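> Sequence plus the predicted model coming up.
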Amino acid sequence: LTGSQTWASQLAVLGAGAAVVGNTAAWTQASGQLVLTTGSEVPALSSTNISIVVTNPARPQPAVTPMISCSGTVKIGTTAMSTAMLGGAGADWVIKTNSESNASPGAYNTLSFVI
């Protein structure tokens, strides 16, 4: 998620799954890293819907592919998220979708993930 103009260190997490991660996420603009911390176990074999809002780069840039990983009691290695299809990414992730609301330079953009 590199290139965003969003500088805040904490972002509001929106969507039906927001409560699972405490409704906020740690954000590092330089690396484009979003860290979600769960307060409880994420239900297995179910969808967790979350969204964040960032400001797009001021100038067009090549698209980036979001990467996802898990650390803590359960560790899952880093893998790319898929925008094209329902797919499996390793034995422990079933990644369903990631999307954006507005790709225009400088615009607010809601990034949505279903994991």
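Thanks, I have the structure now.
> quick one, what contacts Ile52?
Counting by Cβ atoms under 8 Å, 6 or more residues apart in numbering, Ile52 touches Leu11, Ala12, Val13, Leu14, Ala25, Trp27, Leu34, Thr110, Leu111. (C-beta placed from N, C-alpha, C; glycine too.)
> Can you tell me what sits against the helix or strand harbouring the last one?
Spelled out, that is Leu111. Assigned by DSSP states H and E, Leu111 belongs to strand 108-114. Here strand 108-114 makes contact (Cβ under 8 Å, 6+ apart) with 1, 14-15, 47-56, 66, 81, 96-103.
> Give the closest residue to the residue lying farthest from the centre of the chain in space, chain neighbours not counted.
Seen from the C-alpha centroid of the chain, the residue lying at the greatest distance (Cα atoms, centre = their mean) is Arg59, 21.7 Å away. Computed as Cβ to Cβ, 6 or more residues apart in numbering, the closest residue to Arg59 that is not its neighbour in sequence is Pro105, at 5.7 Å.
> Relative to Arg59, how far out is the residue nearest to Leu36 when sequence neighbours are not counted?
Spatial nearest neighbour of Leu36, chain neighbours left out: Val21 (4.3 Å); criterion: Cβ to Cβ, 6+ apart. From Val21 across to Arg59, the span is 31 Å (Cβ to Cβ, to the nearest Å).
> now Leu14
Taking Cβ to Cβ, one finds Leu14 at 27 Å from Arg59.
> Good, wrapping up.
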